[in-house]
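Enquirer: Below is the structure, and that's it, no one-letter string:
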């Protein structure tokens with residue numbers, strides 16, 4: 001009953017969501033092969049359970065109406081019937097057959113997703129969950145970024161799926177982009193995997209779906225599905241090291257003489273920290289703090305000054321910099337494109 005009601009509520013909410021890339025995540029607009037398979041299975045299950053609900057509800061309604069108490073009914077107890085082989089067989093065999101069908105259908109989808117072959121041109125990405133942000137590593141491309149995952153679109157003419165290796169650096173997390181695939185947990189000391197092959201370029205949203213601490217709700221995900229040309233341009237930009245800019249040398253000096261460099265990496269500098277996100281191309285991202293706010297110079301300055309303003313419970317401490325130092329560091333980080 002709960003499954004049916006939940007599915008019906010989801011269907012009622014379908015009108016709120018448009019097809020394709022959208023600002024609101026929805027399992028009802030699948031845009032990747034695994035998501036389509038899961039969606040088709042859910043509709044199949046909804047059909048069977050909906051049929052059961054209609055049959056049981058209909059019989060209950062008939063019994064209520066037909067056998068309701070009437071003033072003309074005799075006061076004596078009606079004749080009692082004990083046992084019926086046909087009824088016993090029906091409510092035993094039919095549920096068993098339904099369970100077997102659901103089991104086989106679900107098993108087929110699970111194996112189809114988990115045992116999918118990996119083509120040679122597949123993109124490999126290592127996803128590492130942190131409290132409370134995402135790290136993305138592209139081992140074959142030499143790219144490290146955070147919170148915003150860029151992958152190429154996979155078309156029928158030129159299929160190129162993305163295979164994700166899921167790790168956790170601290171506690172349990174869960175990677176879920178509703179339009180692209182089912183959620184998969186990131187568990188310490190364990191390697192899990194999943195794959196996606198979105199067909200349509202655009203922005204797909206998701207988040208950590210396993211409670212992982214105070215800022216779990218703001219551990220958001222943004223997946224940018226690029227055209228092959230857009231992805232190639234993004235890769236080229238990400239593979240470039242920091243550009244030396246004498247105009248922001250003061251800000252770089254402040255960054256490298258504070259605790260910032262112990263937590264963050266900026267390629268081409270002395271900053272090689274791994275505890276926080278890689279900042280080499282910070283300004284190429286649309287958001288800060290795993291989607292907590294837009295990536296603007298004003299928000300960046302306030303984030304450096306006091307992260308709790310946007311994300312209470314974030315593990316980044318307030319840096320206790322004076323106004324001049326804040327302006328210098330903000331100006332320096334704003335050049336990291």
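Expert: Perfect, thanks for sending it. Remember, predicted model here, so these are calculated numbers, not experimental data.

Enquirer: Read off the pLDDT value for the closest residue in space to residue 36 that isn't next to it in sequence.
Expert: Leaving out its chain neighbours, the residue that sits closest to residue 36 by C-beta to C-beta, 6 or more residues apart in numbering is residue 30, at 4.4 Å. From N, CA and C alone the C-beta is placed, and that goes for glycine too. pLDDT recorded at residue 30 is 93.

Enquirer: ditto for residue 192
Expert: 96.

Enquirer: Residue 331 too?
Expert: 89.

Enquirer: Name the surrounding residues that touch the helix or strand where it lies.
Expert: Using DSSP states H and E, residue 331 sits in helix 323-333. Helix 323-333 has contacts (C-beta atoms under 8 Å, 6 or more residues apart in numbering) with 247-248, 250-252, 254-255, 258, 260, 279, 282-283, 297, 300-301, 304-305, 321.

Enquirer: Which of those residues are buried, as a ChimeraX select command?
Expert: Selection command for ChimeraX covering only the buried members of those, criterion 16 or more other C-beta atoms under 10 Å:
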select :248,250,251,252,254,255,260,279,282,300,301,304,305,321
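
Enquirer: residues near the residue nearest to residue 36, how many?
Expert: Using other C-beta atoms under 10 Å, residue 30 has 22 other residues around it.

Enquirer: Could you list the low-pLDDT ranges of the chain?
Expert: Residue ranges of the chain with pLDDT under 70: 1-23, 242-244.

Enquirer: quick one, longest helix in it?
Expert: The single longest helix within the chain, with elements called by DSSP state H, is helix 33-66.

Enquirer: The next helix or strand after that helix to helix 33-66, inter-axis angle?
Expert: Next along the chain after helix 33-66, taking DSSP H and E as the criterion, comes helix 85-114. Relative orientation of helix 85-114 and helix 33-66, computed by axes from the mean of the first three to the mean of the last three C-alpha atoms, to 10 degrees: 160 degrees.

Enquirer: Please compute how far helix 85-114 lies from its chain's middle.
Expert: Put simply, helix 85-114 sits 30 Å off its chain's centre (C-alpha atoms, centre = their mean, to the nearest Å).

Enquirer: What residues sit buried inside that helix?
Expert: Buried residues in helix 85-114, counted by 16+ other C-beta under 10 Å: 109, 113.

Enquirer: one step back: what packs against the longest helix of the chain?
Expert: helix 2-12, helix 85-114, strand 192-196 (3 or more C-beta pairs under 8 Å, 6 or more residues apart in numbering; DSSP states H and E).

Enquirer: what's the distance between it and the middle of its chain?
Expert: In terms of C-alpha atoms, centre = their mean, the centre of helix 33-66 is set 28 Å apart from its chain centre.

Enquirer: Check stretch 233-250 too.
Expert: The answer for stretch 233-250 is 30 Å, by C-alpha atoms, centre = their mean.

Enquirer: start to end distance for that stretch?
Expert: 30 Å (C-alpha to C-alpha, to the nearest Å).

Enquirer: what comes up buried for that stretch?
Expert: So for stretch 233-250, counting by 16+ other C-beta under 10 Å, buried means 234-235, 238, 242, 248, 250.

Enquirer: go on, stretch 156-171?
Expert: In terms of neighbour count (16+ other C-beta under 10 Å), stretch 156-171 has its buried residues at 160-168, 171.

Enquirer: so where do the strands sit in the stretch 151-300 of the chain?
Expert: Using DSSP state E, counting those that start in this stretch, the strands of the stretch 151-300 of the chain run over residues 162-168, 173-176, 184-186, 192-196, 202-208, 220-226, 287-288, 293-294.

Enquirer: and those, which is most packed in?
Expert: A comparison of the strands of the stretch 151-300 of the chain by mean neighbour count, using mean count of other C-beta atoms under 10 Å, puts strand 173-176 on top with a mean of 24.

Enquirer: Name the strands paired with that strand and say parallel or antiparallel.
Expert: Here strand 173-176 has these sheet partners by DSSP bridges: strand 184-186 (antiparallel), strand 202-208 (antiparallel).
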